[in-house]
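> next one to model:
(one chain, ligands or ions: 1)
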Amino acid sequence: MTDQTVIKTGMTLAVIAAICTALVAATYQLTEDRIAANEKALLEKSLQPALAGVFYDSSVSESRLVLQPPHDLPGNDAAIIYRVFSAEQPVAVLFVVTARDGFSGAIRILVGVGFDGTVTGVRILQHRETPGLGDKIDSTRSDWVFQFDGRSMGDPVVTAWGIKGDGGEFDQLTGASITPRAVIKAIRDTLIYFDAHRDEIFSLPATEETE
Ligand SMILES: Cc1cc2nc3c(=O)[nH]c(=O)nc-3n(C[C@H](O)[C@H](O)[C@H](O)COP(=O)(O)O)c2cc1C
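Residues are numbered from 1 along each chain as shown. Now for the predicted structure:
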């Protein structure tokens, strides 16, 4: 191969590489907004089950607050709070908190609380509890988690926020007391936090996206 041919081949490859890079960049630009919109829609949909019976404006995810630890909500990782509005009036709050005292590690929980302090829905977002035992906290495995709907701090009284076996008011899971104890405690502590911080929650500016 002559020097000229080597240079020519090299330049051809460089041009092809530049065209490919430009195509990838253009495709990314074109799809970026759509991907972001899809991700947002998915997030909004995943929050919906914890807002049963609440009429609210869409775009809940835009009112997100992220509390880095240490904070007073359950868990020692970031807690997320979504403020929920209807015609600009606060109607509910969604909390994403972590119970650390499950049987197999962290349990990430979505807790919806109406402005009056009533639970509007609870969903388990992530867990590693045992199939057939602790995994019944998952709404796809059993109805266990629905028993908190409509309850509040005071209904039952704070000391009765526990499983029946411990003198509390809530159903346990057969052969698996550790998991429900952890989840109930996390819901209870979230309600206590809501009672103490309700006005503050709605007055804070949304946390900026970092990614
Ligand atoms: C392999 C294995 C997996 C278990 N998984 C769970 C679980 O996911 N959640 C739980 O609360 N207990 C789990 N347990 C049971 C606990 O060890 C413990 O016995 C139980 O939570 C106490 O509940 P009880 O007071 O109803 O007996 C598991 C036990 C074994 C041996």
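
> quick one: secondary structure of Gly132?
Of the three states, Gly132 takes coil under DSSP: H, G, I helix; E, B strand; the rest coil.

> for it, the count of nearby residues, please.
The number of residues packed near Gly132 is 12, by other C-beta atoms under 10 Å. From N, CA and C alone the C-beta is placed, and that goes for glycine too.

> how far does stretch 111-131 sit from the chain's center?
Chain-centre distance of stretch 111-131: 9 Å, with C-alpha atoms, centre = their mean, to the nearest Å.

> anything in it near the ligand?
Yes: using C-beta under 6 Å from any ligand atom, stretch 111-131 reaches the ligand at Glu129, Thr130.

> buried stuff in that stretch?
By neighbour count with 16 or more other C-beta atoms under 10 Å, stretch 111-131 contains the buried residues 111-115, 117-124, 127, 129.

> likewise for stretch 164-183?
For stretch 164-183, by 16+ other C-beta under 10 Å, it's 168-173, 176-177, 179-183.

> ok, back up a step: for the buried residues of stretch 111-131, which one is nearest the ligand?
Closest to the ligand out of those is Glu129 (3.8 Å), distances taken as C-beta to the nearest ligand atom.

> need the three-state assignment for that closest one.
Following three-state DSSP, Glu129 is assigned to coil.

> if I pick it, what's in contact with it?
Counting by C-beta atoms under 8 Å, 6 or more residues apart in numbering, Glu129 touches Gly102, Phe103, Ser104, Ile107, Asp135, Ile137, Ala176, Thr179.

> how far away is the closest residue in space to Pro69 that isn't next to it in sequence from Ala106?
In space, and not counting its chain neighbours, Pro69 is closest to Asn76: 4.9 Å by C-beta to C-beta, 6 or more residues apart in numbering. Between Asn76 and Ala106 the distance is 9 Å, computed by C-beta to C-beta, to the nearest Å.

> the more surrounded of the two?
Between Asn76 and Ala106, counted using other C-beta under 10 Å, Ala106 has the larger neighbour count: 17 against 12.

> shouldn't the more buried one be in contact with Ala99?
Yes: counting by C-beta atoms under 8 Å, Ala106 does reach Ala99; the two are 7.2 Å apart.

> any shared contact partners between the two?
Common neighbours of Ala106 and Ala99 (C-beta under 8 Å, 6+ apart) are Gly75.
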